[in-house]
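Got a sequence here, can you build the structure:
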Amino acid sequence: MILTARLVLPISGPPLPNGGLVIQDGLIRAVEQAPALRRDFPGEPYEALGDAVLLPGLVNAHTHLELTGLQGRLPLGRSFSEWLLAFLKLRPDLDRAFYAASSREGAAASLRSGVTCVADITASGASLAPLKALGLRGIVFQEILGPDPEQAEERLGAAEAALRDLQAEATGSLLSVGLSPHAPYSMSEALLQRCADLLRRTQLRATTHLAESPDEATYIGLGLGPLATDLLPAVGRRAPSHRVCGESPTALLARVGLLSEQMLAAHAVQVGNSDLELLKGHAVALALCPRSNHHLRVGTAPLPRYLAARLRVGLGTDSLASNETLSLWDEMRFALTAYGETVTPTRLLTMATRGGAAALGMADEIGSLEPGKRADLIAVGLDRLDDDDPYGSMLRHASEKSVILTMVDGKILHRG
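Numbering: from 1, shown residues only. This is a model prediction of the structure:
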C-alpha cells in the first residue's frame with residue numbers, strides 16, 4: 001500500500017512535502033516524495049490523502065483507561081491528598097462492570113484521537129480486552145499496592161497470579177504485560193523490595209507514580225503531612241511502613257532496587273538535583289502528565305532539565321479521574337502554554353511519538369516513520385497548515401476530529 005499526503009512528518013527527519021509511505025506486511029518499506037513512490041512501486045495499491053499530514057501514531061505513556069467513567073466525579077483544583085481521599089471513598093463502589101465499560105470507552109476514545117500505543121495501568125485487569133479487540137499496541141501494567149508489611153507476600157502472590165492471567169489474555173495481540181508498583185507512599189517497604197526482586201527475576205517492564213506531589217515528598221522524607229494524618233487512618237494504619245530517614249521518594253526507590261532501565265516513572269514533579277542524578281544513573285524513563293498535575297495542584301515537572309539530561313521522556317494523559325480528556329493533542333497544547341518558550345512544539349510532538357516509544361522500550365519498532373519500523377501511523381487533516389511551521393500548526397489546530405486515519409501494524413483501525 002502507498003499512502004501519500006500534503007506533508008509527511010517522519011519525526012526522525014525533516015518534514016517531507018508531497019510525501020508518502022510504502023507499507024508492506026505491517027512494515028514501512030520506503031518514505032519518499034509521492035512521485036518517486038508511484039514510479040518505484042508501480043504495483044502497489046495507492047491512496048492519496050490530500051490536504052493531510054502523515055506522522056507516527058501517538059503514544060500515551062501513562063493512563064488508567066479503567067477509570068474513564070470517573071470523569072467529573074472527583075474534586076479537581078484542590079489538594080492532591082483531598083483528591084486521593086475522595087477517590088478511596090469512591091473506589092469500593094466500582095465493580096467489574098464499571099471497569100469494563102470504562103476501559104472500552106477509554107480505549108475507543110484513545111484510538112479516535114490518534115493514539116496507537118498505550119502504557120495503561122489496571123487494577124482490575126479489565127483494560128486488556130478492549131485494547132486487544134481494537135488492535136492497539138502497548139503495555140498493560142498490573143497494579144499492586146499495600147501499606148501493610150505483613151501482607152506483602154500475599155499482595156505479591158496475588159499480583160503474580162494476575163500477571164499470569166494478563167499474559168495469557170494478551171496472546172495473539174500487540175500487547176505485552178508489566179508490573180506497576182503503585183507509588184512509594186502507598187506501599188510498604190517490604191512490598192517495594194519484593195516487587196524489585198520480582199522485576200529482577202522476570203525482567204518485566206514496570207511503571208510507578210513517583211514524586212507526584214509535595215505531600216508525597218513530606219510523607220516519605222519526614223513521615224508527616226496530610227498523607228500521614230489523613231491517608232494512613234483511612235487505610236487502617238497508624239504509622240508509616242517505610243524507614244523514615246529524610247529520603248526523597250526517588251531515593252527510597254533507588255535504595256530498595258526499583259530504579260532501572262525497565263522502569264517508567266510517571267509524573268516526577270518533586271525532583272531535586274540528587275534525584276535527577278539517580279534517575280539518570282539508573283536510565284529511568286519518564287512519563288509526564290502536565291494537565292493532571294495542574295488539576296491536582298502538585299506543581300510542574302522540570303521538563304527542560306529532563307531534556308537537558310537526555311532522559312527518555314514521554315507524555316501521558318493520566319486518567320479522567322484527574323483530567324478532562326484522553327487527548328494527547330490537548331495535553332501538548334496545555335504543555336506548550338505551561339512551559340512557554342522553554343519547550344517547542346517540535347519537542348512536544350516528538351515526546352508524544354518517538355519519546356513515548358523510547359520510554360516504553362519500543363523505539364526500535366515505532367515512534368517515527370522510517371523504513372524498517374512497524375507501520376503505526378496517523379493522518380491528520382488540517383485546513384490551516386502552515387508549511388513554514390508544521391509542528392506549530394499541528395499543536396494549534398489538530399484534535400480528535402482532525403484524525404482521518406489511524407493505522408497500527410499496517411492495519412487501518414479507524415477512519416474519521
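
Spatially central residue in the protein, please.
Ala61 (1.4 Å; Cα atoms, centre = their mean).

you'd agree it is in a strand?
Yes: the assignment for Ala61 is a strand, going by DSSP: H, G, I helix; E, B strand; the rest coil.

For it, give its distance to Ser79.
Ala61 is 25 Å from Ser79, where distance means Cβ to Cβ, to the nearest Å. The way it works is simple: take the backbone N, C-alpha and C, and place the C-beta from them, glycine included.

can you check Leu3 too?
48 Å.

returning to what we had before: enumerate every residue touching the residue nearest to the centre of the chain.
Ala61 is in contact with Ala119, Leu264, Ala266, Ala287, Gly314, Leu315, Gly316, Gly355, Gly356, Ala359, Leu360, counting by Cβ atoms under 8 Å, 6 or more residues apart in numbering.

Break down the stretch 251-400 of the chain into its strands, ranges please.
Using DSSP state E, counting those that start in this stretch, the strands assigned to the stretch 251-400 of the chain run over residues 263-267, 285-288, 313-315, 377-381.

And for the stretch 51-200 of the chain?
According to DSSP E, counting those that start in this stretch, the strands that the stretch 51-200 of the chain contains are 52-56, 58-63, 115-122, 137-144, 174-181.

okay, these in JSON lines with mean pLDDT and distance to Asp197 next?
Conversion of the strands of the stretch 51-200 of the chain to JSON lines gives the following (pLDDT from 0 to 100; distance: least, Cβ to Cβ, whole Å):
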{"stretch": "strand 52-56", "mean pLDDT": "97", "distance to Asp197": "36"}
{"stretch": "strand 58-63", "mean pLDDT": "98", "distance to Asp197": "24"}
{"stretch": "strand 115-122", "mean pLDDT": "98", "distance to Asp197": "21"}
{"stretch": "strand 137-144", "mean pLDDT": "98", "distance to Asp197": "13"}
{"stretch": "strand 174-181", "mean pLDDT": "98", "distance to Asp197": "11"}
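
who wins for proximity to Gly372 among the ones you listed?
With Cβ to Cβ, the closest approach to Gly372 among these belongs to strand 52-56: 13.5 Å.

So in that sheet, which strands flank that closest one, and in what orientation?
Within its sheet, strand 52-56 is paired with strand 2-8 (parallel), strand 377-381 (antiparallel), according to DSSP bridges.

mind checking which of these is nearest Met332?
strand 377-381 (12.6 Å).

relative to strand 58-63, how tilted is the closest one?
Orientation check (axes from the mean of the first three to the mean of the last three Cα atoms, to 10 degrees): strand 377-381 against strand 58-63 gives 110 degrees.

give the contact list for Leu27.
Contacts of Leu27 (Cβ under 8 Å, 6+ apart): Gly372, Lys373, Arg374, Ala375, Gly410.

Counting neighbours, which of the residues you listed comes out on top?
Counting neighbours by other Cβ atoms under 10 Å, Ala375 leads those with 26 neighbours.

where are the low-confidence patches of the protein?
Across the chain, nothing is flagged by pLDDT under 70.

quick one, domains of it?
Listed domain ranges for the chain are 2-56+367-415, 58-359 (source: automatic domain parsing).

Looking at the ones you listed, which one is packed in the most?
domain 58-359 (a mean of 20; mean count of other Cβ atoms under 10 Å).

Next, the distance between the ends of it.
One end of domain 58-359 to the other measures 13 Å (Cα to Cα, to the nearest Å).

My read is that Val343 contacts Ala335, right?
Yes: here Val343 reaches Ala335: they are 6.7 Å apart, a contact under Cβ atoms under 8 Å.

Please enumerate the shared neighbours of those two.
In contact with both Val343 and Ala335: Leu303, using Cβ under 8 Å, 6+ apart.

export the contacts of Leu27 to CSV and tack on distance to Gln33?
Below are those laid out as CSV (distance: Cβ to Cβ, whole Å):
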residue, distance to Gln33
Gly372, 19
Lys373, 19
Arg374, 22
Ala375, 19
Gly410, 21
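
between those, which is nearest Ala48?
Checking those one by one against Ala48 (Cβ to Cβ), the nearest turns out to be Ala375, at 17.4 Å.

Tell me which residues touch the closest one, please.
Leu21, Ile23, Gly26, Leu27, Ile28, Met407, Val408, Asp409, Gly410.

change it to 10 Å
1, 3, 21-29, 56-57, 116, 366, 369, 407-412 (Cβ atoms under 10 Å, 6 or more residues apart in numbering).

picking that back up, which among the strands paired with strand 52-56 is found nearest to Arg305?
Using Cβ to Cβ, the strands paired with strand 52-56 put strand 377-381 closest to Arg305, at 30.2 Å.

tell me the angle the closest one makes with strand 115-122.
120 degrees.

CA atoms of strand 377-381 as CSV?
What follows is strand 377-381, C-alpha atoms only, in CSV (Å, rounded to 0.1, in the frame of the first residue of the first chain):
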residue,chain,number,x,y,z
LEU,A,377,0.8,6.0,11.9
ILE,A,378,-1.9,8.5,11.6
ALA,A,379,-3.2,11.0,9.1
VAL,A,380,-4.4,14.4,10.3
GLY,A,381,-6.4,16.7,8.1
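
what about it, distance to the chain center?
20 Å (Cα atoms, centre = their mean, to the nearest Å).

again with stretch 405-416
20 Å.

Then stretch 17-37?
28 Å.

Kindly format the C-alpha coordinates of it as CSV.
Output of stretch 17-37 as CSV, limited to C-alpha atoms (Å, rounded to 0.1, in the frame of the first residue of the first chain):
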residue,chain,number,x,y,z
PRO,A,17,6.3,17.9,1.4
ASN,A,18,4.2,15.9,-1.1
GLY,A,19,5.5,12.8,0.6
GLY,A,20,4.3,9.3,1.2
LEU,A,21,5.0,5.8,2.6
VAL,A,22,5.1,2.3,1.2
ILE,A,23,3.6,-0.2,3.7
GLN,A,24,4.1,-4.0,3.2
ASP,A,25,3.5,-6.8,5.7
GLY,A,26,3.0,-4.3,8.6
LEU,A,27,6.3,-2.6,7.9
ILE,A,28,7.3,0.8,6.4
ARG,A,29,9.3,-0.1,3.4
ALA,A,30,10.0,3.4,2.0
VAL,A,31,9.5,7.1,2.8
GLU,A,32,9.8,9.3,-0.2
GLN,A,33,8.1,12.0,-2.2
ALA,A,34,4.9,10.8,-3.8
PRO,A,35,6.0,10.8,-7.5
ALA,A,36,9.1,8.6,-6.6
LEU,A,37,7.0,6.1,-4.8
